[in-house]
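Asks: Just to be clear, the model below is a prediction. Sequence and coordinates:
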Amino acid sequence: MQYLFRREGHWVVYSKFKGVLFDEALGNNGRSKIIVLEHGQQTLVGLYQDSRLTMKAGAKPARTLELVV
């Protein structure tokens, strides 16, 4: 499932996930700044643990990842 999309050179959160998983704020440079909310953090950790989180090419995932609140 996609949570973000690229618009005019920067990433934007799909509207159905704003306020649920992520939030957006306008940065000083006029681009949106994505803020991961608590439920979004849990979702990202779950995707990472299931090896479904897209990683940068050549990146090696850590053995464990936990959510620290």
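Replies: Arrived safely. Just so we're clear, the structure is a prediction, and the values are computed from it rather than from any experiment.
Asks: for stretch 28-38, how far is the first residue from the last?
Replies: From its first residue to its last, stretch 28-38 covers 24 Å (Cα to Cα, to the nearest Å).
Asks: List the buried residues for it?
Replies: If you call a residue buried by 16 or more other Cβ atoms under 10 Å, then stretch 28-38 has these buried ones: I34. Backbone N, C-alpha and C define where each C-beta goes, glycine included.
Asks: Q42 - how many residues pack around it?
Replies: 14 (other Cβ atoms under 10 Å).
Asks: hey, what's R6 bridged with?
Replies: Counting by DSSP bridges, R6 is bridged to W11.
Asks: And T54, how close does it get to W11?
Replies: Counting by Cβ to Cβ, to the nearest Å, the separation of T54 from W11 is 13 Å.
Asks: Tell me which of those two has more neighbours.
Replies: With neighbours defined as other Cβ under 10 Å, T54 and W11 compare such that W11 has more, 15 against 8.
Asks: Confirm that L47 sits in a helix.
Replies: Yes: assignment of L47 by DSSP: H, G, I helix; E, B strand; the rest coil places it within a helix.
Asks: Next up, the contacts around the residue nearest the centre of the chain.
Replies: Residue closest to the average C-alpha location in the chain (Cα atoms, centre = their mean): V36, at 6.2 Å. Shown in contact with V36 (Cβ atoms under 8 Å, 6 or more residues apart in numbering): 21-22, 44.
Asks: One more: K60?
Replies: Shown in contact with K60 (Cβ under 8 Å, 6+ apart): no residues.
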